[in-house]
Structures are given as C-alpha cells and as structure tokens.
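Engineer: Okay, predicted coordinates and the sequence, questions at the end:
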Amino acid sequence: MSVQRPMMTLTERQRRERRASLPLAGLAVLAVGALAGLAFAAPRAQGGAADQRPTVARAATDTRAAVTYTNPVFAQDFPDPAAIRVGRDYYAYSTSTGWEPQGHIFPILHSTDLVHWRYIGDAMAQTPAWALTDFWAPSVIAAGGRYYMYYVGKGLTQNAHCIGVAVARQPAGPFADHGVVACGDAKGVGYIDPAPLIDDNGRAYLYVSVDNLAWIIHEGGERR
C-alpha cells in the first residue's frame, strides 16, 4: 500500500513565482522558542475506497496512533488552509467563505487527529476597519503566550492588497485586529499569502507573495 499525504489545492494567488520577506514588527522582540506548535505529522492514507470510516492502528515502534483517512476530510469550501498544533489539538484556518455568518471572516476548524475536522467558529466576528474585501490566506503563529494571525485584506485607502495582523489569547480566538503590517515597498506593491516564521535564534520573519516585483527585506538590508 502506497503512503500518501493529504492534498491541498493551491489558488492562483499562491502560484506566483516571486516572494518577499519582512521582519515581524513586535514579534522579533518577544522571547519565543522553536516552532514546535507548527510541527505535525500527516496521517497515512488508506489504499482503497471501500471503507469510508477512519481506523486506528498502533505502530510497533511508536506510541502514537496511525490514522487512515478518506478525502475530503472537510467537505465544505475551505481555501488556502493553514494548520497549527497546540498540545494534542490541531486548528486550521482558511480564507473567508460564503457559508460563514454574515460579517464573519476566517473560519476555524478543530481536530485531534488531522482527519476528523469540526467547524468551531470564526477568527473575527467583523471585518477590520482598514479593509473591505479580499480576506485571504490567514496564517497563525504562537509567540509569547499569544497567537498572531497574519492575513490579507484589500486596503480602503491603499487600494492594494495588504497584510494585517490580529492577536488572540487562544488558538480558537477571538482575534482582535491590530491593523496593517505592510502593503508594499519601493520595489513592489500588494503583499499576499503571509507565512510567519521564528528561527532557532528567536528572530521572526514574515514571508509574503507580492502582486508585483518581490524583494527580500531583513534587518541586514535588502536582497534580491
């Protein structure tokens, strides 16, 4: 039996060739460790489609349960998924959808095995004041006892895609918006698809795609 990993479909926005990187304002000064909360192992896929129910088997050399699954593991619109691990729980966040309550953005799913996912609410119960539409690709990272959600919005005054940040005390939210991080620089405008990272030295970075020319920006200066 071949081993497969769950497939996640990329949107056209995520296929852009170029990427940029920004230091995370505020996060870089926090005392944070390695990204243990983001590390998780994908379950094994079952070979046939006859049995639709996940089964659990004990591995001989591992105390964790090996779980089989059948796709889709969540049968509703859930684009641009990003998941984190918090203890024994998993939380997944997605681009805003049409099935959420009116005005809510960024649905959240919960799972304990990466197979059975349940909708538990939305990251934000209202849209941020600085944006009107295009609420895409949220990505959450834990640091200093808080959960930071970086996301895309179409700025009202900038008329461009910008990265915003919202903060919560729990991975399930609610997340309070803290405004715009950046929309672009002299070399490119329109930041999308944020992906935060904290390295082993505690330095934080935010990787983004751009609508135009991409550059990498860090504390040492710009690099192509």
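Structural biologist: Sure thing, it's come through.

Engineer: Averaging pLDDT per element, find the lowest-scoring helix or strand in the protein.
Structural biologist: One helix or strand of the chain scores below all others by mean pLDDT, DSSP states H and E: strand 56-58, with a mean of 39.

Engineer: Settle this for me: Ala137 is touching Ala82, isn't it.
Structural biologist: Yes. Applying Cβ atoms under 8 Å as the test, Ala137 and Ala82 come out as touching, 7.4 Å apart. Every C-beta, even on glycine, is put in place using the N, C-alpha and C of the backbone.

Engineer: Skipping adjacent residues, who's closest to His161 in space?
Structural biologist: Gly190 (4.4 Å; Cβ to Cβ, 6 or more residues apart in numbering).

Engineer: any idea how far Lys154 is from that neighbour?
Structural biologist: When distance is defined by Cβ to Cβ, to the nearest Å, Gly190 is 10 Å away from Lys154.

Engineer: how many other residues sit next to Met169?
Structural biologist: To be clear, residue 169 is Arg; Met isn't right here. Using other Cβ atoms under 10 Å, Arg169 has 12 other residues around it.

Engineer: per-residue confidence for it?
Structural biologist: You'll see Arg169 listed with a pLDDT of 97.

Engineer: more crowded one of Ala137 and Ala82?
Structural biologist: Shown here are Ala137 and Ala82; by other Cβ under 10 Å, Ala137 has more neighbours (26 against 22).
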